[in-house]
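[1] Could you look at this predicted model? Sequence included:
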Amino acid sequence: MSAEKKNTKKDQSSAPGKGPKISVWIYLGILLILLSIHSVLSIPDTTQRIEYSTFMNEVRNGNVEEVTVVNGINIRGVYKKEAIESGRVVVPTPEESPWRPQSGEPEYTFSTTMFEGDEIRPLLDEYEVKYDASIEEDWFSGVFTWLIFLVILVAFWMFIFRRMNPGQQVLNIGKNKAMLYDKLGDNKVTFKDVAGLQEAKEEVEEVVEFLRNPQKFTRLGGNIPKGVLLVGPPGTGKTLMAKATAGEADVPFFSLSGSDFVEMFVGVGAARVRDLFKQAKEKAPCIIFIDEIDAIGRSRGKSAMASSNDERENTLNQLLAEMDGFNTDKGVIMMAATNRPDILDSALLRPGRFDRQIMIDKPDLNGRIEVLNVHLKKIKISADLDVKLLASQTPGFAGADLANMCNEAALLAARRNKDSVEMIDFQDAIERVVAGLEKKNKIISPNEREIVAYHESGHAIVGWYLEHTDPVMKVSIVPRGFAALGYTLQTPLEDRFLMTREELSDKVCALLGGRVAEDIIFGRVSTGAQNDLERITNMTFAMVAVYGMSEELGNVSFYDSNNPEGSFGFNRKYSENTAEKIDKAIKKFIDESYARTKIMLNEHRDKLEIMAKTLLEKEILTSADLIDILGERPHGNYPISHVDVQKIKDIQAQSTLPEEVPTTAEEDAVLETEEKSAETSKNEESPKSE
């Protein structure tokens, strides 16, 4: 076991991107050595430093023996011996040093600096002082100063370079920065941690099995797939699936991001791709994983400035060559993840490079239950928490959304000083994720509160009475998020993948409910419907120009699946006449929906008034409050809420809805007694009939 750990450490130290580390203490040590050499070789100046005026006085007093003018400005002189012995001049005794032992005799020399251009020769001649001149150059100090400066500059440059390129040195900047994982590494994520993605997990597990036991597949003539592309919306678990693959695979796993190939230097990306595949072949069988591959895999030739993307395209070309170039029997499998498969280059997606494209989609109801069970293990939850009910209230949530919701619920429960996280905490966390943070302290004028109340009541009433709208669970006029002054929470009862024209039409009417309510009550409209109108316009345009739901244009679609973003806005495939028809069809559909919504709200204006006043009083209305105000939903489909479940069950039991309502144990006992009595009376009556 110890030998295996030793080998693992060796592999990790030689992993790509792990260059030799030079400590900053080495640079400091070199600098200290150079300073010490300079101190030893430089003989200190032990002469007495005196003022220039003092020097002139000493000359006039006859105490100076000789003078040397150095470089035209510095003066070195020697006192007369009798002047020192007689005490006319007092000089200090030099201190002892390791390289200059003390002789025990006083120093007779002194130094000073004269004024530039000052003439002292007449004074020296007058007092018979010997004088001379010399020029000295201290080349050693100059060279040494530049050497120290160069060492500091190199150390600073190396420090900055290492911060910009961790683990990279000058000569290996072309080395890839992939992290190498093996079975003895620190990665603890396994396939057990991946929930709600059963089909995708089976596909990836099969890829791992290819590397563990290739003979199982090659004996029948099959080849190991060269590439696996994980595709899906953000937050669905693509990177988590890759981490689980690294934790499960008994082979080396190289992991890096698509942005790791791109640098400021030309040619670095292609060099790193070559180095990555070179090391992968040496470690084969192995797996290479590139996260966010769209950073280097975008379609070529669609940039507004072609020259600006030459480096990225060179990197992509090298990646294409390497993926199609290595032998299939080498056992190197390429994995990548992206949430934008539509912008990837077609050459990258063809069989032979990425043979498999695995969809990592948002989980369905059962998948959300599995994901919640994984995240709820880390949270202290109440015993009566209904995970299935919680999952039913979060349609459209990705795995990251569910994780965030669980964390927010735990934080809310801790803020409320609870011992466990209850269902109400999760309910508030859902609203926090969907609508944003609640702003109870935001001051809104009474007039604006009234407008918001009628606006949200209009949404709720239209959504309550139309057949194909999602059930209204909650209505609030408490501001949330960045700009929402109120919101109407509608929760689908099930996951939906298709929508009919009638369903889209009802959804448009529900969105128009707020604007129509303002028009009916106040006779004017406000800016509160901006987001509603934006969604309506986009939805209606899709119905007309994408889904072919317009009578005027018929069954046509102008959507380009190969280029959904367009090429600089010039991908329109229809004429100006057709564009005018599209505009007219959109306006006609919205006007008809507006008129339909206005008729409905006028019919229920009394309930609109009651609901708005109740909303102004309570600020928040649940589905139970809506049942009290609006009555039963004409088309059923009541919202599933932990607060209103029993009340909704009672209404369903009295109505003619097709769903069967579960009964309690007492109700079952009563029904069983009634059935037995009915059978007894029937048996008693049967002989009489005979």
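    Sure thing, it's come through.
[2] could you pull out the helices for the stretch 451-600 of the chain?
    Taking DSSP state H, counting those that start in this stretch to define them, one finds helices in the stretch 451-600 of the chain at 501-522, 530-545, 576-603.
[3] The second one - contacts with which helices or strands?
    Contacting helix 530-545 under the criterion 3 or more CB pairs under 8 Å, 6 or more residues apart in numbering; DSSP states H and E are the following elements: helix 501-522, helix 576-603. Where C-beta positions appear, they are placed from N, C-alpha and C, glycine not excepted.
[4] can you give me the mean pLDDT across the longest one?
    The reference is to helix 576-603. Average pLDDT, helix 576-603: 94.
[5] Which SSE is immediately downstream of it?
    On the C-terminal side of helix 576-603, the nearest following helix or strand under DSSP states H and E is helix 605-618.
[6] what's downstream of that following helix, the next helix or strand?
    Sequence order places strand 620-622 as the next helix or strand after helix 605-618, per DSSP H and E.
[7] buried set for whatever helix or strand comes next after that following strand?
    Per DSSP H and E, the first helix or strand lying C-terminal to strand 620-622 is helix 623-630. For helix 623-630, the neighbour count (16 or more other CB atoms under 10 Å) marks 623, 625-627, 629-630 as buried.
[8] For residue 78, what are phi and psi?
    phi -130, psi 130 (degrees, to the nearest 10).
[9] who touches it in this structure?
    Contact partners of residue 78, counting by CB atoms under 8 Å, 6 or more residues apart in numbering, are 64-67, 108-110.
[10] Who does it form a beta bridge with?
    residue 66, residue 109 (DSSP bridges).
[11] What separation do you get for it and residue 118?
    Residue 78 is 20 Å from residue 118, where distance means CB to CB, to the nearest Å.
[12] re the thing from before, adding mean neighbour count and distance to residue 193, write the helices of the stretch 451-600 of the chain out as TSV.
    Output for the helices of the stretch 451-600 of the chain, formatted as TSV (neighbours: other CB atoms under 10 Å; distance: least, CB to CB, whole Å):
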stretch	mean neighbour count	distance to residue 193
helix 501-522	22	37
helix 530-545	17	36
helix 576-603	16	46
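[13] circling back: between the buried residues of helix 623-630, which is nearest residue 196?
    Of all the buried residues of helix 623-630, residue 623 has the smallest distance to residue 196: 27.3 Å, by CB to CB.
[14] my guess is the closest one meets residue 473, correct?
    Yes. Using CB atoms under 8 Å, residue 623 is in contact with residue 473, at 5.3 Å.
[15] Show me where the protein has its strands.
    Taking DSSP state E, the strands of the chain run over residues 48-49, 64-70, 74-79, 109-113, 130-134, 179-181, 227-231, 253-257, 286-291, 332-338, 356-359, 472-476, 487-490, 620-622.
[16] Same list (those strands) but as a markdown table, adding distance to residue 560 and mean pLDDT.
    Shown next, in a markdown table, are the strands of the chain (distance: least, CB to CB, whole Å; pLDDT from 0 to 100):
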| stretch | distance to residue 560 | mean pLDDT |
| --- | --- | --- |
| strand 48-49 | 87 | 80 |
| strand 64-70 | 85 | 87 |
| strand 74-79 | 84 | 86 |
| strand 109-113 | 84 | 83 |
| strand 130-134 | 88 | 83 |
| strand 179-181 | 38 | 72 |
| strand 227-231 | 19 | 90 |
| strand 253-257 | 29 | 87 |
| strand 286-291 | 27 | 88 |
| strand 332-338 | 19 | 88 |
| strand 356-359 | 20 | 89 |
| strand 472-476 | 37 | 88 |
| strand 487-490 | 32 | 86 |
| strand 620-622 | 44 | 88 |
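[17] Output those strands as JSON lines; include the columns distance to residue 245.
    Formatted as JSON lines, the strands of the chain follow (distance: least, CB to CB, whole Å):
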{"stretch": "strand 48-49", "distance to residue 245": "76"}
{"stretch": "strand 64-70", "distance to residue 245": "77"}
{"stretch": "strand 74-79", "distance to residue 245": "77"}
{"stretch": "strand 109-113", "distance to residue 245": "77"}
{"stretch": "strand 130-134", "distance to residue 245": "80"}
{"stretch": "strand 179-181", "distance to residue 245": "10"}
{"stretch": "strand 227-231", "distance to residue 245": "9"}
{"stretch": "strand 253-257", "distance to residue 245": "7"}
{"stretch": "strand 286-291", "distance to residue 245": "7"}
{"stretch": "strand 332-338", "distance to residue 245": "7"}
{"stretch": "strand 356-359", "distance to residue 245": "11"}
{"stretch": "strand 472-476", "distance to residue 245": "39"}
{"stretch": "strand 487-490", "distance to residue 245": "38"}
{"stretch": "strand 620-622", "distance to residue 245": "44"}
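[18] that older thread, min pLDDT across the buried residues of helix 623-630, which one?
    residue 623 (84).
[19] Got the domain ranges for the protein?
    The chain breaks down by the TED database into domains covering 24-90+106-163, 180-300+311-359, 365-435, 446-652.
[20] In terms of mean pLDDT, which of the ones you listed ranks lowest?
    For those, mean pLDDT drops lowest on domain 24-90+106-163, to a mean of 76.
[21] Kindly check the end-to-end length of stretch 299-317 for me.
    Length of stretch 299-317, first residue to last, CA to CA, to the nearest Å: 11 Å.
[22] hang on, residue 476 packs against residue 619?
    Yes. Counting by CB under 8 Å, residue 476 touches residue 619, with 6.6 Å between them.
[23] Pick out whichever of those two has more residues nearby.
    More neighbours surround residue 476 than the other of residue 476 and residue 619, with 23 against 15 (other CB atoms under 10 Å).
[24] Now the more buried one. Nearest residue, chain neighbours left out?
    Closest residue to residue 476 in three dimensions, ignoring its sequence neighbours and counting by CB to CB, 6 or more residues apart in numbering: residue 620, at 4.7 Å.
[25] Out of the contacts of residue 78, give me the two with the largest separation.
    It's 67 and 108 that sit farthest apart of these, by CB to CB, at 12.7 Å.
[26] For those two, indicate the residue with more neighbours.
    Just comparing residue 67 and residue 108: by other CB under 10 Å the higher neighbour count belongs to residue 67, 21 against 17.
[27] roughly how far apart are the more buried one and residue 61?
    Distance, residue 67 to residue 61, by CB to CB: 14 Å.
[28] Quick one: residues contacting the residue nearest to residue 285 when sequence neighbours are not counted.
    In space, residue 285 comes closest to residue 331 once its chain neighbours are excluded; the distance is 2.9 Å by CB to CB, 6+ apart. For residue 331, the contact set (CB under 8 Å, 6+ apart) comprises 211, 214, 224, 251, 284-286.
[29] ok, those residues vs residue 551, which is closest?
    residue 224 (53.2 Å).
[30] Tell me, how many residues neighbour the residue lying closest to the closest one once chain neighbours are set aside?
    Nearest non-adjacent residue to residue 224, counting by CB to CB, 6+ apart: residue 210, 4.8 Å away. Neighbours of residue 210 under the rule other CB under 10 Å: 19.
[31] Give me the distance between residue 210 and residue 240.
    Between residue 210 and residue 240 the distance is 21 Å, computed by CB to CB.
[32] same deal with residue 605?
    Using CB to CB, residue 605 is found at 52 Å from residue 240.
[33] swap in residue 631?
    On the measure of CB to CB, residue 631 and residue 240 end up 46 Å apart.
[34] the more surrounded of the two?
    Neighbour count, other CB under 10 Å: between residue 631 and residue 240, residue 240 has more, with 19 against 12.
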